[in-house]
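*Asks:* Structural data only, the sequence is not supplied:
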């Protein structure tokens, strides 16, 4: 899903219009989703795509660091990596009775991640290097995920709330891309 964005960045060697904060929040979002689905024993088919997207999100963060001007400090890089590790560790060690909170805990991150990109696009009047194909795939993928989650997992309201919010915010991002 994010491969067009990765290719776009590699070809242009440019990250104009992309929000570092939005990229940084994408990794913990996917980590939390993967861990929740794994701990719940959900079929891999219901979250396997998220595993692939998670790897792509890490690649995007690395590309961001590679092409940022000025380059991020070592402290920033280490802090971001430690946050990623902490999110994974805490998620895996959450007591069973509190695991339903994992998807719900991502709601503020989703709002922040997509919201900051939406605001950046609006205030700059452009989507810069934001890829039309990636944005379309994120929107379509979120929409389809509602139905696959219901089919594969059932009515997990925590997961469905997160996916529904993603559909709405990805739809707003989609409406901003004019290429």
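*Replies:* Happy to help now that I have it. Owing to the predicted nature of the structure, the values given are computational and were not obtained by experimental measurement.
*Asks:* Show me what the longest helix that the chain contains packs onto, helices and strands only.
*Replies:* If you go by DSSP state H, the chain has its longest helix at helix 101-124. In terms of contacts (3 or more CB pairs under 8 Å, 6 or more residues apart in numbering; DSSP states H and E), helix 101-124 is packed against helix 20-39, helix 157-176. The C-beta positions use only the backbone N, C-alpha and C, and glycine is treated the same way.
*Asks:* which of the ones you listed sits most buried?
*Replies:* A comparison of these by mean neighbour count, using mean count of other CB atoms under 10 Å, puts helix 20-39 on top with a mean of 21.
*Asks:* in this protein, which residue is closest to the centre?
*Replies:* residue 26 (3.2 Å; CA atoms, centre = their mean).
*Asks:* Name the nearest residue to it, sequence neighbours excluded.
*Replies:* residue 57 (4.4 Å; CB to CB, 6 or more residues apart in numbering).
*Asks:* who are the neighbours in contact with the one you found?
*Replies:* Taking CB atoms under 8 Å, 6 or more residues apart in numbering, we find residue 57 in contact with 2, 23, 26, 27, 30.
*Asks:* Tabulate those (a markdown table), appending pLDDT and distance to residue 81.
*Replies:* Formatted as a markdown table, the contacts of residue 57 follow (pLDDT from 0 to 100; distance: CB to CB, whole Å):
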| residue | pLDDT | distance to residue 81 |
| --- | --- | --- |
| 2 | 80 | 19 |
| 23 | 84 | 13 |
| 26 | 86 | 14 |
| 27 | 91 | 10 |
| 30 | 90 | 15 |
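*Asks:* Lovely, talk soon.
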